[in-house]
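> what follows is a predicted structure for the sequence shown.
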Amino acid sequence: MDGNETLTWRTSSFSSGNNECVEVADLADGGRLVRDTKDRDGGTLAFTDGEWSAFLAGVRQGEFD
């Protein structure tokens, strides 16, 4: 992130507004940031576009069930 980028954080529609989820923000380069809704100031995980795509593919294939 270059410091001039404004992030728009979103949670899953399955979270039902509870505070026990993660939020994701899209980066201009296609990457993503992820943070915990219970501790928004606790830091973020950064993923490149390729890493994020691989993660989503794994979720869809049930790798994390």
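Great, that's in hand.

> ok, the residue nearest to Thr48 when sequence neighbours are not counted to Ser15 distance?
The shortest distance from Thr48 to any residue that is not its chain neighbour, by C-beta to C-beta, 6 or more residues apart in numbering, is 5.0 Å, and that residue is Gly31. Bear in mind the C-beta positions are built from the backbone N, C-alpha and C, glycine included. Gly31 sits 22 Å away from Ser15, going by C-beta to C-beta, to the nearest Å.

> same question, Leu33
Applying C-beta to C-beta to Leu33 and Ser15 gives a distance of 17 Å.

> so the two - more neighbours on which side?
Shown here are Leu33 and Ser15; by other C-beta atoms under 10 Å, Leu33 has more neighbours (17 against 14).

> tell me where the chain has strands.
If you assign secondary structure with DSSP state E, the strands in the chain sit at 9-11, 22-26, 32-36, 45-47.

> what pairs with the residue nearest the centre of the chain across the strands?
Among the residues of the chain, Val24 comes closest to the average C-alpha position under C-alpha atoms, centre = their mean, at 2.7 Å. Bridge pairing for Val24 (DSSP bridges) gives the partners Arg10, Val34.
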